[in-house]
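Participant: what follows is a predicted protein model with its sequence.
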Amino acid sequence: MERIKRRLVLPGEEVAVIEEFIGKNNTYVAEGRVLSKIIGLVDYDLEDRIAVVNPLKKLSLPQKNDIVYAIVTRVKDIAASLEIFYVENHNRYFHPPLSATLHVMNVSTSYVKVLYDVLGYGDIVRAKILVGKTPPYVLSLKGREFGVIYSNCPYCMTPLKRRGFTLFCPRCKRTTRRKISMTHYLLK
């Protein structure tokens, strides 16, 4: 099998024309030209007439069962939107963060009617990825080690401290219910 190998290409750069080669991985066709989707090295297979662009650096996105840290950006009755900023398994931060969702049925093994009972805006959670190879990921908070690890008081914005299974505000003396990570909550 004869190959011409290792030419650097940028996104949008022409790799070949469709009369010469068929574009495979990381390529697309526009106006009869095979173009690169990514920065990478192009491989030409002269026998099968295939052009493939291999990335210079593999992007390691979170996978199923990875443990992630995310901030709650939106809460509705049955679903919440979150932004993943850290993957614990790979010790990797993401900037900009990756989008994720949390459904009410993935919060606890016991019945939860609405997410407002267990989450609040701006809460930082430790979660497990249930579904997804690419964003938006589906998260789960089931288990004692998963849940809110940091939260602010919804009334005065003071960081809440854990007291048993609830969170307590030292400034305004109110308690707030959350699905707390029993092993990882930051303020005790």
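Facilitator: That came through, no problem.

Participant: so who does Leu186 touch?
Facilitator: Counting by C-beta atoms under 8 Å, 6 or more residues apart in numbering, Leu186 touches 149-150. For every residue, glycine as well, the C-beta is placed using N, CA and C.

Participant: one more: Glu31?
Facilitator: Applying C-beta under 8 Å, 6+ apart, no residues contact Glu31.

Participant: now do it, the pLDDT please.
Facilitator: Among the per-residue scores, Glu31 holds a pLDDT of 92.

Participant: cool, the one 4 residues further on as well?
Facilitator: On pLDDT, Leu35 comes in at 94.

Participant: equivalent analysis for Arg3, please.
Facilitator: So, for Arg3, pLDDT stands at 58.

Participant: phi, psi for Ile149 please.
Facilitator: phi -110, psi -10 (degrees, to the nearest 10).

Participant: roughly how far does it sit from Tyr185?
Facilitator: 5 Å (C-beta to C-beta, to the nearest Å).

Participant: ditto for Pro11
Facilitator: In terms of C-beta to C-beta, Pro11 sits 43 Å off from Tyr185.

Participant: under the pLDDT cut-off, which ranges of the chain? List them.
Facilitator: 1-5 (pLDDT under 70).

Participant: give me the most central residue, it.
Facilitator: With distances taken as C-alpha atoms, centre = their mean, Leu98 lies nearest the centre of the chain, 4.0 Å away.

Participant: so what are the sheet partners of the longest strand that the chain contains and their directions?
Facilitator: The longest strand of the chain (DSSP state E) is strand 92-103. When pairing is defined by DSSP bridges, strand 92-103 lines up against strand 79-87 (antiparallel), strand 137-140 (parallel).

Participant: including distance to Val104 and mean neighbour count, could those go into TSV?
Facilitator: Shown next, in TSV, are the strands paired with strand 92-103 (distance: least, C-beta to C-beta, whole Å; neighbours: other C-beta atoms under 10 Å):
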stretch	distance to Val104	mean neighbour count
strand 79-87	7	20
strand 137-140	11	21
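
Participant: distance to Val53 added to those strands, as a markdown table?
Facilitator: Below are the strands paired with strand 92-103 laid out as a markdown table (distance: least, C-beta to C-beta, whole Å):
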| stretch | distance to Val53 |
| --- | --- |
| strand 79-87 | 26 |
| strand 137-140 | 26 |
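
Participant: out of these, which is closest to Leu160?
Facilitator: strand 79-87 (18.1 Å; C-beta to C-beta).
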